[in-house]
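[1] Got a predicted structure here, sequence first:
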Amino acid sequence: MTNICYPNKYDLLSVEQALLEIRKAIETVTEQELIDLPQALGRVLFDTVVSPIDIPPQRTAAMDGYAFAAGDVSAGQAAKLQVIGIAWAGRPFLVQQKPGQCVRIFTGAVVPEFADSVIAQEQIETDGDIVSLPIDWQPYKNIRAAGSDVKQHEELITAPKKLTARDLSLMAAAGIEKISVKRKLKIGFFSTGDELVPLGEPLAIGQIYDSNRYLLAGLISDPNHTVSDLGIVADDPLKLEQTFKNAAQQHDAIICTGGASVGDADFVKQTLEKCGQVNFWKLAIKPGKPLAFGKIGSCWFFGLPGNPVAVLVTYEKFVKPGLEKLAGVPSTQALRLRVHCDSPLKKSPGRQEYQRGILYQQAGGELAVRLAGQQDSHQLKVASQSNCFIVLDADSTGMDAGEMVTVEPFSAVL
Ligand SMILES: Nc1nc2c(c(=O)[nH]1)N[C@H]1C(S)=C(S)[C@@H](COP(=O)(O)OP(=O)(O)OC[C@H]3O[C@@H](n4cnc5c(N)ncnc54)[C@H](O)[C@@H]3O)O[C@H]1N2
Ligand code: MOO
């Protein structure tokens with residue numbers, strides 16, 4: 001056990017302290033791999049990418065119309081120009097022009113060297129191969145300069161970054177086929193509990209279906225993770241020890257649920273102590289108090305509480321940032337909003353609470369929140385209906401309806 005102190009008056013580690021400890025303890029993997037661009041969505045860029053070319057590579061038209069030299073026409077006068085050819089996207093027009101001539105051009109086509117202006121076809125009149133410009137024609141319009149998006153040798157994307165579809169398209173525009181990314185994390189997860197039954201089997205009295213593994217599988221799913229479902233492990237110290245040791249040898253991180261508390265069948269913390277180290281255990285958070293964080297050999301360990309909603313909260317608040325640090329994803333911060341709450345909120349002082357809420361838009365456009373339902377940590381239906389956490393500080397003693405509260409919408413990050 002490392003010597004983390006619990007300075008909180010409730011003898012529990014605060015959410016902030018626990019998060020700091022996780023971020024401090026976990027070091028990012030150093031290995032990289034070279035992958036094809038289409039496989040890179042959501043992966044963590046290892047090396048900063050520089051553009052080998054100008055984007056766009058040449059001057060191109062921004063409108064379907066006619067390309068001409070502004071010097072051929074006097075400002076403030078209507079003019080007639082002769083069309084001598086067509087510039088298509090992908091098929092440039094390379095013939096020399098004489099004064100008074102122009103080229104039919106389409107969006108994306110290279111603008112012929114002589115031209116410095118493109119006029120949209122809606123603005124002109126044609127008669128055979130003669131184009132009439134209006135009196136209010138404007139010079140130097142509708143041309144995109146070479147490199148007007150990105151210059152050759154300019155930094156495209158700075159590492160590390162979790163790559164988005166926008167990033168992939170940017171690199172594709174630069175012709176980049178392969179990129180180096182952080183290697184994937186190997187993550188194992190399992191449920192503990194004698195009462196648990198996998199799907200497909202009938203329930204005997206006292207048994208319940210193992211819902212946590214389905215929650216965890218969904219939460220862990222990420223392009224940077226290779227995930228193994230290690231099933232259900234009984235509340236048996238020997239079986240737990242065996243599972244912990246085997247799983248730790250094959251994974252960068254293991255996550256289990258249940259058996260983290262103080263009951264006579266709760267063996268997770270003591271098994272972790274036996275096989276490795278416990279960095280911290282009890283947290284000032286509700287739901288989610290008995291969370292064991294530590295290490296077995298080189299494998300990080302998160303022992304989450306058994307109650308399903310406690311799994312949801314502790315995954316989001318602690319496991320996700322921990323795995324992000326391990327994978328090298330720049331740390332994200334949940335978006336926090338201050339909104340009116342329609343419901344009264346009950347709370348005892350002591351733990352920071354993440355109540356399940358429904359954030360919605362009022363008729364006037366303002367955001368507001370209401371409780372999604374009862375707040376016991378076994379209530380999965382309420383969690384399923386919710387779309388945000390209502391965050392209440394450890395010292396809060398609850399709120400009346402109509403007061404301002406802090407909410408964290410699910411999946412919205414800064
Ligand atoms: N005397 C105390 N009792 C409890 C405390 C405490 O501080 N003192 N803490 C409570 C809190 S808070 C929580 S949360 C739970 C967590 O306990 P465990 O991590 O030991 O979890 P279990 O006892 O194994 O299970 C709790 C609950 O969740 C159900 N469960 C477990 N695994 C699954 C699963 N895979 N799928 C669905 N449901 C699952 C289990 O059947 C229990 O009902 O401890 C409190 N007790
Ligand atoms: O973590 Mo527990 O779910 O607070 O009851």
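    Ah, there it is. No experiment lies behind these values; they were computed from the predicted model shown. Ligands and ions are numbered 1, 2, ... in the order given.

[2] List of residues touching stretch 367-384?
    If you take CB atoms under 8 Å, 6 or more residues apart in numbering as the criterion, stretch 367-384 is touched by 211, 286-287, 305, 307-310, 312, 337, 339-343, 345-346, 355-362, 385-386, 388, 390, 405, 407. To be clear about C-beta, it is placed using only N, CA and C from the backbone, and glycine gets the same treatment.

[3] Go again with 7 Å.
    Stretch 367-384 is contacted from outside by 211, 287, 307-310, 312, 337, 339-343, 345, 355-362, 385-386, 388, 390, 405, 407, using CB atoms under 7 Å, 6 or more residues apart in numbering.

[4] Turn the buried ones among those into a named PyMOL selection, would you?
    Typed into PyMOL, the line below selects the buried ones among these, using 16 or more other CB atoms under 10 Å:
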select buried, resi 211+287+307+308+309+310+312+339+341+343+345+355+356+357+358+359+386+388+390+405+407
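
[5] Spell out which parts of the chain neighbour ligand 1.
    191, 193, 195-196, 208, 210-212, 257-263, 266, 287, 289-290, 305-308, 310, 377-378 (CB under 6 Å from any ligand atom).

[6] So which of the contacts of stretch 367-384 belong to helices?
    Counting by DSSP state H, the part of these found in helices is P308, V309, A310, L312, Q385.

[7] now, which of those sits nearest ligand 2?
    Comparing the ones in helices among the contacts of stretch 367-384 against ligand 2 with CB to the nearest ligand atom places A310 closest, at 3.5 Å.

[8] who's the nearest residue to E403 once chain neighbours are set aside bridged to?
    The shortest distance from E403 to any residue other than its chain neighbours is 6.1 Å, reached at C341 (CB to CB, 6 or more residues apart in numbering). For C341, the beta-bridge partners are V369 (DSSP bridges).

[9] What segments of the stretch 201-350 of the chain are helices?
    Along the stretch 201-350 of the chain, counting by DSSP state H, counting those that start in this stretch, helices occupy 212-220, 237-250, 268-275, 308-314, 320-327.

[10] okay, those, which one's buried deepest?
    The highest average neighbour count among the helices of the stretch 201-350 of the chain, using mean count of other CB atoms under 10 Å, belongs to helix 308-314 at a mean of 26.

[11] for that helix, packing partners?
    Secondary-structure packing of helix 308-314 (3 or more CB pairs under 7 Å, 6 or more residues apart in numbering; DSSP states H and E): helix 212-220, strand 299-304, helix 380-385.

[12] got a markdown table for these, with mean pLDDT too?
    Putting the helices and strands packed on helix 308-314 into a markdown table (pLDDT from 0 to 100) gives the following:
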| stretch | mean pLDDT |
| --- | --- |
| helix 212-220 | 98 |
| strand 299-304 | 98 |
| helix 380-385 | 98 |
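
[13] looking at the ones you listed, which is closest to D149?
    D149 sits nearest to helix 212-220 of all the helices and strands packed on helix 308-314, at 36.5 Å, using CB to CB.

[14] got the contact list for the closest one?
    I187, F189, S191, V227, D229, I255, T257, P308, V311, L312, Y315.

[15] Just the ones in strands from those residues, please.
    Among the contacts of helix 212-220, the ones falling in strands (DSSP state E) are I187, F189, S191, V227, D229, I255, T257.

[16] Just the buried ones from the residues you listed?
    I187, F189, S191, V227, I255, T257.

[17] from these, which is closest to ligand 2?
    T257 (11.0 Å).

[18] so that closest one makes contact with L304?
    Yes: with contact defined as CB atoms under 7 Å, T257 counts as touching L304 (4.7 Å).

[19] so what's in contact with these two at the same time?
    V311.

[20] Next one: whatever residue of the stretch 201-350 of the chain ends up closest to ligand 2 relative to V339, how far apart?
    When scored by CB to the nearest ligand atom, the stretch 201-350 of the chain has P287 as its residue closest to ligand 2, at 3.0 Å. From P287 across to V339, the span is 22 Å (CB to CB, to the nearest Å).

[21] what does I22 give?
    29 Å.

[22] Just confirm M63 contacts Q123, I think it does.
    No: checked against CB under 7 Å, the pair M63 and Q123 is beyond contact range at 9.3 Å.

[23] if you count what's nearby, which of these two comes out ahead?
    It is M63, of M63 and Q123, that has more neighbours when counted by other CB atoms under 10 Å, with 18 against 15.

[24] related to what we said a few turns ago, could you dump the buried ones among the ones in strands among the contacts of helix 212-220 into JSON lines and include distance to ligand 2 and pLDDT?
    As requested, these are exported to JSON lines (distance: CB to the nearest ligand atom, whole Å; pLDDT from 0 to 100):
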{"residue": "I187", "distance to ligand 2": "22", "pLDDT": "98"}
{"residue": "F189", "distance to ligand 2": "18", "pLDDT": "98"}
{"residue": "S191", "distance to ligand 2": "15", "pLDDT": "98"}
{"residue": "V227", "distance to ligand 2": "24", "pLDDT": "98"}
{"residue": "I255", "distance to ligand 2": "15", "pLDDT": "98"}
{"residue": "T257", "distance to ligand 2": "11", "pLDDT": "98"}
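
[25] So which of these is the closest to A247?
    Once CB to CB is applied, the member of these that ends up nearest A247 is F189, at 8.9 Å.

[26] tell me the contacts of the spatially closest residue to the closest one that is not a sequence neighbour?
    Nearest residue to F189, sequence neighbours excluded (CB to CB, 6+ apart): I255, at 4.5 Å. Residues near I255 by CB under 7 Å, 6+ apart: I187, F189, L216, F302, L304, V319.
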